[in-house]
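*Asks:* Following is a predicted model, sequence given first.
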Amino acid sequence: MYKLQTIGRGLRVLTDPLVPLLAQVVVTRKCNLSCGYCNEYDKVSPPVDTELLMRYIDHLADLGTCIITFTGGEPLLHPDLDKLVSRVVSHNMVCTSITNGFLLTSQWVERLNKAGLELLQVSVDNLEPNESSQKSFNLLKKKLGVLKDAEFKVNVNAVLGSSPIKETRELARQIRDLGFYMTVGLLHGGTGMID
């Protein structure tokens, strides 16, 4: 159940067009994968400094922001991701994150539970890896099992066009059979434009 202060933030967003509803915060550009359509990662950048991110979170709270989503690269490569989540929650904001799922462990799930994460979006694009995406269900199936202990909501998102439509339909069926909610995005090229 949301705190009254969190609901108040949401109402303020509805009444003031200058108050941001959602802010996406990149916590690291580094990623453990290199999917063909992604232009938002590298293999060498260190995580963004935790104290700097804390100041960003505080500033977003002062602006009245309702939701903060941590992205990357791969957010689970930031060693203090749970501390960042806790900081967001301490300001009565909703905190979500997006992951490719490959680094999920029961320890990360426990840390994110304690921190108060509201939603984790796991990107799963296909059944088998291909040139567009390495985020395949058959590689992630076991990792998704650690989410049974998650106190936060889990959404699985696929990118349409990263595999044949028949495979995407089968992916959606298998994700649904596991009990996860699924959404889809559109494939974009290396420049960020929709293909």
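*Replies:* That came through, no problem.

*Asks:* number of nearby residues for P47?
*Replies:* 18 (other CB atoms under 10 Å). Where you see a C-beta, it was placed from the backbone N, CA and C, and this is true even at glycine.

*Asks:* err, S34, not the other one
*Replies:* Per other CB under 10 Å, the neighbour tally for S34 reads 10.

*Asks:* Backbone torsions only: list them for it.
*Replies:* S34 adopts backbone torsions of phi -140, psi 80, taken as degrees, to the nearest 10.

*Asks:* Just want to check the distance between it and T50.
*Replies:* Distance, S34 to T50, by CB to CB, to the nearest Å: 25 Å.

*Asks:* repeat for G73
*Replies:* For G73 relative to T50 (CB to CB), the value is 15 Å.

*Asks:* In terms of packing, which of the two has more residues around it?
*Replies:* Comparing G73 with T50 by other CB under 10 Å, the one with more neighbours is G73, at 24 against 16.

*Asks:* Grab the CA positions of stretch 81-95 and hand them over as PDB.
*Replies:* Output of stretch 81-95 as PDB, limited to C-alpha atoms (Å, rounded to 0.1, in the frame of the first residue of the first chain):
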ATOM      1  CA  LEU A  81      21.800  -0.200  -6.500                       C
ATOM      2  CA  ASP A  82      19.900  -1.200  -3.400                       C
ATOM      3  CA  LYS A  83      21.100   1.900  -1.500                       C
ATOM      4  CA  LEU A  84      19.900   4.000  -4.400                       C
ATOM      5  CA  VAL A  85      16.500   2.300  -4.300                       C
ATOM      6  CA  SER A  86      16.300   3.000  -0.500                       C
ATOM      7  CA  ARG A  87      17.100   6.700  -1.100                       C
ATOM      8  CA  VAL A  88      14.200   7.000  -3.600                       C
ATOM      9  CA  VAL A  89      11.800   5.200  -1.300                       C
ATOM     10  CA  SER A  90      12.900   7.400   1.700                       C
ATOM     11  CA  HIS A  91      11.500  10.400  -0.400                       C
ATOM     12  CA  ASN A  92       8.100   8.600  -0.800                       C
ATOM     13  CA  MET A  93       8.700   8.100  -4.500                       C
ATOM     14  CA  VAL A  94       8.100   4.900  -6.400                       C
ATOM     15  CA  CYS A  95      11.300   3.100  -7.500                       C
END
